[in-house]
Structures are given as C-alpha cells and as structure tokens.
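S.K.: quick one, fold the following:
(one chain, ligands or ions: 1)
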Amino acid sequence: MDPKAMENDQSTRPEYDSQMYNEAVGQFNRVAALMNLDENIADRLRVPQKATVVSFPFRHDTYTEVETIFGYRVQHLTTMGPTKGGIRFAPDVDLGEVAALAMWMTWKCAIVGVPFGGAKGGVRINPMELSRAELQRVTRRYTMEIINLIGPETDIPAPDLGTNEQVMAWLMDTYSQHVGHAVPAVVTGKPPALGGSVARREATGRGLMFLLPQASNVVDINPEGATVAIHGFGNVGRFAAVAAEQMKAKVVAVSDISGAIYDPDGISVAAAGKWVDENRYLEGYPDADFIDGDKVFALDVDVMVPAAIQNVIRADNAPDIKAKLIIEGANNPTTLEADDMLRERGVLIIPDILANAGGVTVSYFEWVQDVQKYFWTENEVVARLREIMTRAFDEVHSIAIAEEVDLRTAALIKGIRRVADAKLVRGVFP
Ligand code: NAD
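M.R.: Have a look, this model is predicted:
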C-alpha cells in the first residue's frame, strides 16, 4: 500500500477497530492495490457512509429487571440505491463486526448485480435465552430506535444470525404502525402472508448449492454422491443440506451450537430438521453419532460448508480440513491466514460474498414484488435465482482465470469494480 493509503487506512480508526473489520479492510486493500483502484475512491470505500449506535432499555418477563441493550445499524454505501442488509442478534456483536458485514454486503450486491448498497444491523443480546415475548419487545424497541434510518427507498433490513421471519414480521409491523399504513417493502425475509417472497427462506442455502456442479467441475468431484459436511443448521445450513440432498449429494454431518450429528452413510436431513423443530437443538438426535461441533471440519468429506458463524476455519484447524471444496455459507468463516493456507493446498473456496448471495438475491426479488404488488410463483423465483447465481459464478471464475487469482480475489474485483464505476459517474457532491 502506498504511504498515502497507509495514512488514510481507516482500519486503524478506533471507531470500527475489530478483527472482522480489519479483515474486511485488509481484503479490500489487497484487491484495491491489485486493481490499481483510484485512491480517492478507495478512501471512500474503506469506511461506512453512516453508522448508528443506539442503547435502549429492555424489560425481562419478570418485570423486575431492566437491562440496557446496545444496537447498531451501519450503511456502507448509498451510491447504488437503497442499502440492504440483515440484522443479527448475537451476544458479542459490536460496531466493527456490523461495519465489516455492511462492507461485504456492498460487494455481494454488486457481484450479483442487485441495485443496493451494503448495510447491516445488530443487537447485542443472546436470542436463545429470550422468551417469545422478550424477543418481540427487543425487536420492536430496536426498530423504533432506527426507524428514521430504514424505509423501502432508503434501507431495507432482512434476517441474519439469530433472527428469522417472525422477527422481520414484528419489524414490519412496528414500522407500519409508525407511518400509519402497511409497508411490506421495508423489510425482506418476512413471512409470505405479509408479502414475503416464496422461496426466500430456502434462498441462501439453495443458492450456494446451485454452485456445486460448476465448482465440482473445477476440482474434479462428482456432485452426485459427493459427501458434504455442514457447520450450522440454521436458516443457511439447513436449507443447504436440503438442497444438497435434492442434488443427490450425501450429507454426512450437520452441526449446531449443541454439537454435530454424523453418519458416514448419510443423515436424513428431513428427520434432523424435524428433530430440531421439536427439540430446538441437534443434541439427543437418535439416528446418528453425536460428536463435537468443531469436529465437522476434520471429517473426510468432499465438500465443507461453514454455515454458522465467523472465524471458524483458522490457522489451527485448516491443516485438518480434507475437503477439496469449501462453499462459504456463513459470512467471514475463514480467517485470512487459513484462506492462504488452504489456497496453497489447492482447496477451492467459493467465497461468502458470492456463495451466500442467494439470500440477498431473493430479498431483492421480494422487494421488487412488494413494490410492484405483483407476486411471482415459486418456479419463477427459483429459476431466476439459479440464473443469477450460476452467471455470477461464471463471471467470477472467468476473472479468476484471466487475472490468475483465487475466487475470493476475483469476486472482490468484480464487486469493487462495479461500485467504483458507479461512484466515478456520479461524481462528488457538491
Ligand atoms: P441462524 O441463526 O438461522 O443459524 C445459525 C446456526 O449456527 C444454528 O444452527 C446455530 O445453532 C449455530 N451456531 C450459532 N452460534 C454458534 C457457535 N458459537 N458455534 C457453533 N454453531 C453456532 O443463522 P443463519 O441465518 O443461518 O446465518 C448463518 C450465517 O450465514 C451467518 O454468518 C449469516 O451472516 C450468514 N448469512 C445468512 C443469510 C440468511 O439469509 N439468513 C444470508 C447470507 C449470509
């Protein structure tokens, strides 16, 4: 990096300083240098355009305890259209993490060509410890705290780690009560009964498995019968498992926060899903071995799908990974160090900003349907998702070959280039 860039390197700014933000900026700096990106534009893209930190009171069901909770909403880029990004409820989320995720959302939207800039939200709380009434109160109060930031033409939230369709329904209701009429387009990932899109729930997991045949060609595995291990069995992991099974791959392990279930002959994804619906966690599932959650990374499989949380593939466990192909469902599951180590070993990694873009793609479809008040069939949604995902993979793969870089670098080149072009033609105001 040249000295001016170093001086302006926003990752050294205390506001956002965190491992995830530093990784996001580190990736960006590396690729910006490779692309000879105009330094004025690079400076603008290193920091979010707007970041909001709120704190608010949260009353527990007991009526005696009132806790102060922190929430965040970060809008990285407002150049391309409204900003878009999920809201995570997690016990350790902070401003730097949300800022990093907002930046990755910008590249992700640009890679699949949906007209949004990146955003992200977070509430620092453990949703697994909340009753339904408590979850609803936190959601509604957080929504009120950020109500002037969000809207169908400004910033559109969606589900992420620890949030789901019901949380999005409460968010939509709170916003609609505030403005005085129903506004389904303020949020995506809501239930179809409220204007949610069919096939949004499955979109991220399904979208990443759409890339399995193309990626299998590159690393020479047969998708039919390929063995798959999935870390995480929430929205992304579970529907990735369903899609893998539909493609006749063999899902041998899935995990959640309680541990992992493993059967080398293949587990029944439907039975595991039913178990989790009834018992909340995989622990206790009777028809497979129960192993430590982290052990899924060392299994002898063809394909590994991290689909839970960040930084799970690290320098300490990367050497144990036997998979030839890693499809990143979670955001930032692989540290920069582990990424280098795996690449050197010839493991193909489909990076998060490409692999999990099916979620924002169908969120975009949902927003279009809400704005037009005209709804598509499941076949239309799935066919358009497949077309966008497979085209994005082909384009990124072509850049990787032409520039002799890995898929993560190629995906970043594609995303950053599109955003930089848009910024250049819009110019500087005033
Ligand atoms: P989720 O809350 O529905 O599921 C998370 C899963 O991870 C659960 O099985 C949970 O038990 C497990 N988990 C949580 N904490 C864990 C821990 N500390 N150790 C091990 N396992 C843990 O979340 P999700 O929506 O499936 O999101 C998962 C990842 O995918 C996140 O990184 C998210 O940012 C990313 N993502 C989600 C979407 C989406 O549409 N939901 C889209 C793109 C990316």
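S.K.: now do the end-to-end distance for stretch 221-228.
M.R.: Stretch 221-228 has an end-to-end distance of 12 Å (criterion: CA to CA, to the nearest Å).
S.K.: for the stretch 201-350 of the chain, just list every one of the strands.
M.R.: 227-231, 250-256, 259-262, 289-291, 303-306, 325-327, 348-350 (DSSP state E, counting those that start in this stretch).
S.K.: the third one close to the ligand?
M.R.: No - Strand 259-262 lies apart from the ligand when judged by CB under 6 Å from any ligand atom; the minimum separation is 9.0 Å. C-beta here means a position set from N, CA and C on the backbone, and glycine is covered the same way.
S.K.: ranking the strands of the stretch 201-350 of the chain by burial, who's on top?
M.R.: strand 303-306 (a mean of 30; mean count of other CB atoms under 10 Å).
S.K.: return the residues in contact with the residue in the chain that the ligand sits nearest to.
M.R.: Of all residues in the chain, the one sitting closest to the ligand is Gly234 (1.7 Å; CB to the nearest ligand atom). The contact partners of Gly234, taken as CB atoms under 8 Å, 6 or more residues apart in numbering, are Leu161, Asp256, Ala307, Ala308.
S.K.: show me the contacts for the last one.
M.R.: What it means is Ala308. With CB under 8 Å, 6+ apart, Ala308 has these contacts: His231, Gly232, Gly234, Gly237, Ser255, Asp256, Ile257, Ala330, Pro333.
S.K.: dump those into JSON lines; add pLDDT as well.
M.R.: Shown next, in JSON lines, are the contacts of Ala308 (pLDDT from 0 to 100):
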{"residue": "His231", "pLDDT": "98"}
{"residue": "Gly232", "pLDDT": "98"}
{"residue": "Gly234", "pLDDT": "97"}
{"residue": "Gly237", "pLDDT": "98"}
{"residue": "Ser255", "pLDDT": "98"}
{"residue": "Asp256", "pLDDT": "98"}
{"residue": "Ile257", "pLDDT": "97"}
{"residue": "Ala330", "pLDDT": "98"}
{"residue": "Pro333", "pLDDT": "98"}
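S.K.: in JSON lines: those residues, plus distance to Asp340.
M.R.: Formatted as JSON lines, the contacts of Ala308 follow (distance: CB to CB, whole Å):
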{"residue": "His231", "distance to Asp340": "20"}
{"residue": "Gly232", "distance to Asp340": "24"}
{"residue": "Gly234", "distance to Asp340": "28"}
{"residue": "Gly237", "distance to Asp340": "25"}
{"residue": "Ser255", "distance to Asp340": "25"}
{"residue": "Asp256", "distance to Asp340": "29"}
{"residue": "Ile257", "distance to Asp340": "28"}
{"residue": "Ala330", "distance to Asp340": "19"}
{"residue": "Pro333", "distance to Asp340": "15"}
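S.K.: distance between the strand or helix carrying Ala33 and the chain's centre?
M.R.: Per DSSP states H and E: Ala33 is located in helix 19-35. Taking CA atoms, centre = their mean, to the nearest Å, one finds helix 19-35 lying 18 Å from the centre of the chain it belongs to.
S.K.: hmm, that helix touching the ligand?
M.R.: No - using CB under 6 Å from any ligand atom, helix 19-35 stays clear of the ligand, coming no nearer than 10.7 Å.
S.K.: list the helices and strands that helix packs on?
M.R.: helix 39-46, helix 95-112, helix 336-344, helix 407-426 (3 or more CB pairs under 8 Å, 6 or more residues apart in numbering; DSSP states H and E).
S.K.: residues making contact with that helix?
M.R.: Residues contacting helix 19-35 (CB under 8 Å, 6+ apart): 1, 5, 9-11, 37, 42, 45-46, 96-97, 99-101, 103-104, 310-311, 332, 335-336, 403, 405, 408-409, 412-413, 416-417.
S.K.: in PyMOL, select just the buried ones from the residues you listed.
M.R.: Burial among these is assessed by 16 or more other CB atoms under 10 Å; the matching PyMOL selection reads:
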select buried, resi 5+9+10+11+37+42+45+46+96+97+99+100+101+103+104+310+332+335+405+408+409+412+413+416
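S.K.: and the contacts of helix 19-35 near the ligand, which?
M.R.: Near the ligand, by the rule CB under 6 Å from any ligand atom, you find none of the contacts of helix 19-35.
S.K.: Ile321: what's it in contact with?
M.R.: Phe297, Ala298, Met304, Ile313, Leu342, Val347.
S.K.: again but with Leu171, I slipped
M.R.: Ile87, Thr139, Arg140, Thr143, Pro157, Val186, Val187, Lys190.
S.K.: which of the three states applies to Thr174?
M.R.: helix (DSSP: H, G, I helix; E, B strand; the rest coil).
S.K.: for the stretch 251-400 of the chain, what lies in contact range of the ligand?
M.R.: Within reach of the ligand by CB under 6 Å from any ligand atom, the stretch 251-400 of the chain has these residues: Asp256, Ile257, Gly293, Ala307, Ala308, Ile309, Gly329, Ala330, Asn331, Asn356, Gly359.
S.K.: pLDDT value on the last one, please?
M.R.: Gly359 is assigned a pLDDT of 98 by the prediction.
S.K.: OK, contacts around the residue nearest to Val186 when sequence neighbours are not counted?
M.R.: Closest residue to Val186 apart from its sequence neighbours, by CB to CB, 6 or more residues apart in numbering: Tyr175 at 4.7 Å. By CB under 8 Å, 6+ apart, the residues touching Tyr175 are Thr143, Ile147, Ile150, Gly151, Val183, Val186, Val187.
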